[in-house]
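[1] Generate a structure from the sequence data that follows.
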Amino acid sequence: MYSPGEILTITIENGTKKIEKPLLAKLVLGFIGGAMISLGYLAYIRVSASIPSNLASVQAFVGASVFPIGLIVILLAGGELITGNMMAVSAAFYDRKVSVGALLLNWLTITLANVVGALFVAYFFGHLVGLTASGVYAEQVSQLAEHKIAATWVQAIVSGVGCNWFVGLALWLSYGAKDGAGKILGIWFPVMIFVAIGFQHSVANAFLIPAAIFEGAASWGDFLRNFVFVYLGNVIGGAIFVSGFYFASYKGH
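    Predicted structure coming up:
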């Protein structure tokens, strides 16, 4: 592992590189990022839906154990995920490597591409193929979406903070590992824990709630209200609780 100070330097370099990518690359990689996170959530549903609801902790653990494949693919094979960009690009911003305008444009571009990727998986793989359209799978999608939507705006923001604190740490540990196995382990456990706890991830919700909508179990208004507040929490979790805290600790003097 690199030291925390060295990881911060790597994070700043990676955040700067994210800004410098061509628009087409950002859109394609953002689509991949949204799709991969959504496929991780689809795997969660497929492996855990048949576990009885009175074993909720077991259901959450089993589903959470497969969810990290999405971020592993994004970070090792290539992809852009807005929650990761919230951490890495903000570190580059703190170090004055990127402007606030470039940061916001990057976040907008990757967010839109991520949502398109999430909607693609929700409709084509979930609804059209039928993987979330019937039986225990449709029931679980409906129940999970209902739980996300039922959160108050304060709960959604705070849950979003917790989520991206862990996702940001997954990136941080991945950047700090010197080999592939170390990167996978560094990603796996923080992501598994945030999912098992039940924290809310804006892009994952951009798959789950539309998947429920396609099965008649929610509305687009429900999705938009949830997305805005969870997204705000994700910004705070990644840009302040991870890159902000570490920048202040290792380079803010």
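[2] Would you state the helices of the stretch 101-250 of the chain in chain order?
    Counting by DSSP state H, counting those that start in this stretch, one finds helices in the stretch 101-250 of the chain at the ranges 135-150, 153-176, 180-197, 202-214, 220-239, 243-250.
[3] helices and strands around the longest one, which ones?
    Put plainly, it is helix 153-176. Where contact means 3 or more CB pairs under 8 Å, 6 or more residues apart in numbering; DSSP states H and E, helix 153-176 is packed against helix 4-20, helix 69-77, helix 82-94, helix 180-197, helix 220-239. For glycine as for every other residue, the C-beta is placed from the backbone atoms N, C-alpha and C.
[4] the inter-axis angle of it versus helix 180-197?
    Calculated by axes from the mean of the first three to the mean of the last three CA atoms, to 10 degrees, helix 153-176 forms an angle of 170 degrees with helix 180-197.
[5] Around Thr16, count how many other residues there are.
    By other CB atoms under 10 Å, 18 other residues sit near Thr16.
[6] roughly how far apart are it and Gly101?
    Distance check for Thr16 against Gly101: by CB to CB, to the nearest Å, it reads 15 Å.
[7] biggest helix in this protein by residues?
    Across the chain, the longest stretch assigned as helix under DSSP state H is helix 23-48.
[8] which other helices and strands contact that helix?
    So helix 23-48, by 3+ CB pairs under 8 Å, 6+ apart, packs with helix 56-66, helix 69-77, helix 82-94, helix 100-120, helix 135-150, helix 202-214.
[9] Nearest to Gly233 among those would be which one?
    Gly233 lies closest to helix 202-214 among these, at 8.3 Å (CB to CB).
[10] which residues touch the closest one?
    For helix 202-214, contacts defined as CB atoms under 8 Å, 6 or more residues apart in numbering pick out 33-34, 37-38, 40-42, 81-83, 111, 114-115, 118-119, 121-123, 126-127, 132-133, 141-142, 144-146, 148-149, 160, 218-220, 222-223, 226-227, 230-231, 234.
[11] Let me have the helices and strands packed on helix 153-176 in JSON lines, extended by distance to Ala170.
    Formatted as JSON lines, these follow (distance: least, CB to CB, whole Å):
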{"stretch": "helix 4-20", "distance to Ala170": "12"}
{"stretch": "helix 69-77", "distance to Ala170": "6"}
{"stretch": "helix 82-94", "distance to Ala170": "8"}
{"stretch": "helix 180-197", "distance to Ala170": "4"}
{"stretch": "helix 220-239", "distance to Ala170": "11"}
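[12] Tell me which of those is the most buried.
    Neighbour counts (mean count of other CB atoms under 10 Å) averaged over each of those peak at helix 82-94, with a mean of 27.
[13] Dump it to CSV, restricted to CA.
    What follows is helix 82-94, C-alpha atoms only, in CSV (Å, rounded to 0.1, in the frame of the first residue of the first chain):
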residue,chain,number,x,y,z
ILE,A,82,-20.3,10.2,-10.4
THR,A,83,-19.8,9.2,-6.7
GLY,A,84,-16.2,8.4,-7.4
ASN,A,85,-15.8,11.7,-9.3
MET,A,86,-17.2,13.6,-6.4
MET,A,87,-14.3,12.4,-4.3
ALA,A,88,-11.4,12.4,-6.9
VAL,A,89,-12.2,15.6,-8.8
SER,A,90,-12.9,17.6,-5.7
ALA,A,91,-9.4,16.6,-4.4
ALA,A,92,-8.0,18.1,-7.6
PHE,A,93,-10.1,21.2,-7.1
TYR,A,94,-8.8,21.6,-3.5
